[in-house]
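Novice: Pasting a predicted model and its sequence here:
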Amino acid sequence: MATLTLVSAMTRPFVVRRVGAVMFVLTALAPTRRVVAQAATERGATTAAVVAARAALRALPDSTRADAVFSFDSTERSNWYYVPLDRKGVTLARMTAEARARVDSLLATGLSPRGFATAKSIMRHEAILHDIEATGPPAGRRNVRDSSKYYLSVFGAPDESAAWGWRVEGHHLSVNYTGIGRSTQVVSPVFFGANPAKVLSGPHAGLRILAAEEDLARELVEMLDAKQRAVAIFSDTALVEMETRNDPKARALKTEGLRAADMTEPQRTQLRRLVEHYAGRVSATARAHALRDVADGGFGELRFAWAGGTEVGQAHYYRIHGPTILIEYDNQQTNANHIHTVWRDLRHDFGGDLLAEHYRTHKHANPAR
């Protein structure tokens, strides 16, 4: 560019054309630069997860660490669930304060700041539920409510050049992370739940951990006209639970509900807000991957399906179902004050198709590593 400033005024038309050409080239390169920048960000994200996982494992005593580590091809990796039962892995209760902090750092590599804050709130919610159940039925349940009964499991060796994963899980929380090579993060399935969905009394009265999941969806169904509601609402009775529950493999469900393509623009905008709220639970890298999946399947092909009442306090269920993703929400238990939600990637749950591609291009890769 320095040579351009030395050209005489007689050649300025050429200079202008030359500058224009240079600007054209720079403009053309802009998308490439964005791709490069995004790739660098993704590499940084996977590196952070590797470092955090190694640090979390180092913080565990040798006698405990073995309980946290599984082979990458272990069936335990897809044996996820969200009820308050014993799991394989190492609980926070068995960890030092330093180790717990390391687990927090690891969890933060897979979640956004908002998602991380919600996950921690879900863990603390166990203490609130314990206190509620301690003063009323069922008395026997209070002993399983424990904010330290959340488990760390690591699958394979944390390594930027390999496929590996981790899970942080307990009652109403399951975050499943898969790292594939240097630039791919998949965080799916992701389960968040809350009981009570709204705390009705005591020092935390009014607390709603998953308020947006309920409110954004109800706002959408209220925006529909009578004809659209007839398509979107497939049952007057809420489902008793999410249809896919804790299935180890994500599956497509029956085609029901109103297509995004058949909504008005304001309604599509509201649907997008809801989808992006769920996608926004995870890290920026994983979120970008999740939303690419939505785009790949075609946003217009998403279907919004509702079952149950539409008034606050009535039992209800909804799902957002497309060619590549499935979101399920249920609020039927405990007098419709008990929420379950899940995000599932129909192609890439636990790595899915991306793992097969990784192994094809890295034939030396060992999934049991």
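Specialist: That came through fine.
Novice: If I look at residue 195, what pLDDT would I see?
Specialist: Note on residue 195: pLDDT of 96.
Novice: give me the number of residues near it?
Specialist: Using other Cβ atoms under 10 Å, the number of residues around residue 195 comes to 22. The C-beta positions use only the backbone N, C-alpha and C, and glycine is treated the same way.
Novice: give the contact list for it.
Specialist: 125, 129, 172, 333-334, 337-339 (Cβ atoms under 8 Å, 6 or more residues apart in numbering).
Novice: ok, which pair from the residues you listed is furthest apart?
Specialist: Across the contacts of residue 195, no pair lies farther apart than 125 and 333, at 14.8 Å, counting by Cβ to Cβ.
Novice: what about the nearest residue to residue 258 once chain neighbours are set aside, neighbour count?
Specialist: Closest residue to residue 258 apart from its sequence neighbours, by Cβ to Cβ, 6 or more residues apart in numbering: residue 232 at 4.0 Å. If you count neighbours by other Cβ under 10 Å, residue 232 ends up with 23.
Novice: these two touch, right, residue 232 and residue 310?
Specialist: No. At 10.1 Å, residue 232 does not count as touching residue 310 under the criterion of Cβ atoms under 8 Å.
Novice: Quickly list what's touching both of the two.
Specialist: Residues touching both residue 232 and residue 310 (Cβ under 8 Å, 6+ apart) are residue 221.
Novice: Would you mind splitting this structure into its domains for me?
Specialist: As given by automatic domain parsing, the domain ranges for the chain are 2-38, 39-361.
Novice: Just name the most buried of the ones you listed.
Specialist: domain 39-361 (a mean of 18; mean count of other Cβ atoms under 10 Å).
Novice: Run the chain-centre distance for it.
Specialist: With Cα atoms, centre = their mean, to the nearest Å as the basis, domain 39-361 stands 5 Å off its chain's centre.
Novice: before we move on, back to that, can you give me the distance of the residue nearest to residue 258 to residue 276?
Specialist: 20 Å (Cβ to Cβ, to the nearest Å).
Novice: what about the strands in this protein?
Specialist: Shown for the chain, the strands assigned by DSSP state E span residues 69-70, 90-91, 151-155, 163-170, 173-180, 184-194, 233-235, 258-259, 303-308, 316-321, 325-331, 339-345.
Novice: Please dump those strands into JSON lines; it should also carry distance to residue 47 for every row.
Specialist: Below are the strands of the chain laid out as JSON lines (distance: least, Cβ to Cβ, whole Å):
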{"stretch": "strand 69-70", "distance to residue 47": "20"}
{"stretch": "strand 90-91", "distance to residue 47": "24"}
{"stretch": "strand 151-155", "distance to residue 47": "16"}
{"stretch": "strand 163-170", "distance to residue 47": "13"}
{"stretch": "strand 173-180", "distance to residue 47": "10"}
{"stretch": "strand 184-194", "distance to residue 47": "11"}
{"stretch": "strand 233-235", "distance to residue 47": "45"}
{"stretch": "strand 258-259", "distance to residue 47": "40"}
{"stretch": "strand 303-308", "distance to residue 47": "38"}
{"stretch": "strand 316-321", "distance to residue 47": "32"}
{"stretch": "strand 325-331", "distance to residue 47": "27"}
{"stretch": "strand 339-345", "distance to residue 47": "23"}
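Novice: coming back round to it: which stretch in the domains of the chain is the model least sure about?
Specialist: Mean pLDDT values for these show the minimum at domain 2-38, a mean of 34.
Novice: Can you get me the start-to-end distance on stretch 175-188?
Specialist: Start-to-end span of stretch 175-188 (Cα to Cα, to the nearest Å) is 7 Å.
Novice: meant to ask about stretch 222-239, not that
Specialist: One end of stretch 222-239 sits 20 Å from the other (Cα to Cα).
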